[in-house]
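*Asks:* Could you look at this predicted model? Sequence included:
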Amino acid sequence: MLKQGLQSVALAALFLTPFSAHAERIFVSNEKDNTISVIDAQSLEVIETIEVGRRPRAMAFSSDGSELFVAVGDDEAIDMIDLETLNVVRSQASGEDPEVIRTDPNKPYIYVSNEDDNIVSILDYEKRTHVDQIPVGVEPEGLGISPDGKWLIATTETSNMAHIIDAEKREAVYHRLVGARPRHAEFTPDGKEAWVSAEIAATVSVIDMQESFDVEHTIRFDVPGVPRETVQAVGIAMTSDGRYAFVALGPSNRVAVVDQQSYEVLDYILVGQRVWHLALNEDESRLYTTNGVSGDVTVIDVDGLEAIKSVPVGRFPWGVVVEP
């Protein structure tokens, strides 16, 4: 009986090992510490700290999921982290002041918003070459890419524009006025709309990406009992079932919950101080937020729409992504 029991334990361990080895991980860029915090999704604790270049902000995964790319603004480069070893294995020049990056779903391309140069750069991360650059408005920041890779949106802070770029032609073909200081662009999971947040206006502009390419709706945020000037719309994350959109509202320390279909603001969730960006986990049961001033990540239960834990990370956490 004892031998049988030991065999059962060994068999169970054999099946459990691959799952444990591939436990979900959350990556957080700490802008002031020049590090990436790695959080284990099971324990909700930081299990690794990766040193990267100066002023890390946006992150994106390679199309095959083997590497994590980090925009390091003060080094004017993209640091590339091997997800097996968690080491920076190479770095690629990005142009001046890279802030936001996105990867193409079909090509080995990284799109980079170069804030100081008023362009979007295209890098080939396999050939390690600079492919092209696309002129846009003044101070480009946010970038969004459609699920099929056909469209790219660049937001420009000073121009208050959303520039709709044809990825095949590599040129901006539509220019749409949005709210003051647009920060982020996110496509709906079906690719039919693009949502653009505006920090100063405290709005999200919803752009039709099928026919008119115009702003069809404007979502406004007003948190009861919170000073109007602290409500600043920044990061956006959307559930794939078309149910919720979550919008980070900066110094108001709130995340807005929006109905993707009706555009109604359903709720505001209290999180850490100066919430900036957001990421959903793989099964979309949790939402993670970066809170720059309090230096932590808030974990939100999506079904209950409530914050359940705060995880301390480095100084001024900026971006957050969950390993695919």
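*Replies:* Structure's in. What do you need? Numbers count the residues shown, from 1 in each chain.

*Asks:* use CA for all of it now, contacts and neighbours both
*Replies:* Fine.

*Asks:* Dig out what residue 185 forms beta bridges with.
*Replies:* residue 196 (DSSP bridges).

*Asks:* Could you report the separation of it from residue 151?
*Replies:* 12 Å (CA to CA, to the nearest Å).

*Asks:* One more: residue 229?
*Replies:* Relative to residue 151, and taking CA to CA, residue 229 is found at 33 Å.

*Asks:* before we move on, what about residue 26?
*Replies:* For residue 26 relative to residue 151 (CA to CA), the value is 27 Å.

*Asks:* same deal with residue 136?
*Replies:* The value you get for residue 136 to residue 151, if CA to CA is used, is 14 Å.

*Asks:* and what of residue 252?
*Replies:* From residue 252 to residue 151 the distance is 32 Å (CA to CA).

*Asks:* If you count surrounding residues, which of the two has more?
*Replies:* residue 252 (23 against 20; other CA atoms under 10 Å).

*Asks:* my read is that one is in a strand, agree?
*Replies:* No. Using DSSP: H, G, I helix; E, B strand; the rest coil, the assignment for residue 252 is coil, not a strand.

*Asks:* Check whether it really touches residue 226, as I assumed.
*Replies:* Yes. The criterion here is CA atoms under 8 Å, and residue 252 meets it with residue 226 at 6.6 Å.

*Asks:* And stretch 48-65, what's buried?
*Replies:* 49, 51-63 (16 or more other CA atoms under 10 Å).

*Asks:* who's in contact with it?
*Replies:* Identification of contacts with stretch 48-65 by CA atoms under 8 Å, 6 or more residues apart in numbering yields 29-39, 67-75, 79, 86-88, 99-108, 318-321, 323-324.

*Asks:* and what of stretch 245-260?
*Replies:* Contact with stretch 245-260 is made by 202, 221, 223, 226-227, 230-239, 242-244, 264-278, 289, as judged by CA under 8 Å, 6+ apart.

*Asks:* measure it end to end?
*Replies:* 6 Å.

*Asks:* Just give me how far it sits from the chain centre.
*Replies:* Remark: stretch 245-260 is offset 14 Å from the chain centroid, using CA atoms, centre = their mean, to the nearest Å.

*Asks:* Can you point out the buried residues in that stretch?
*Replies:* By 16+ other CA under 10 Å, the buried positions in stretch 245-260 come out as 245-260.

*Asks:* Could you report the separation of residue 93 from residue 245?
*Replies:* As judged by CA to CA, residue 93 and residue 245 stand 34 Å apart.
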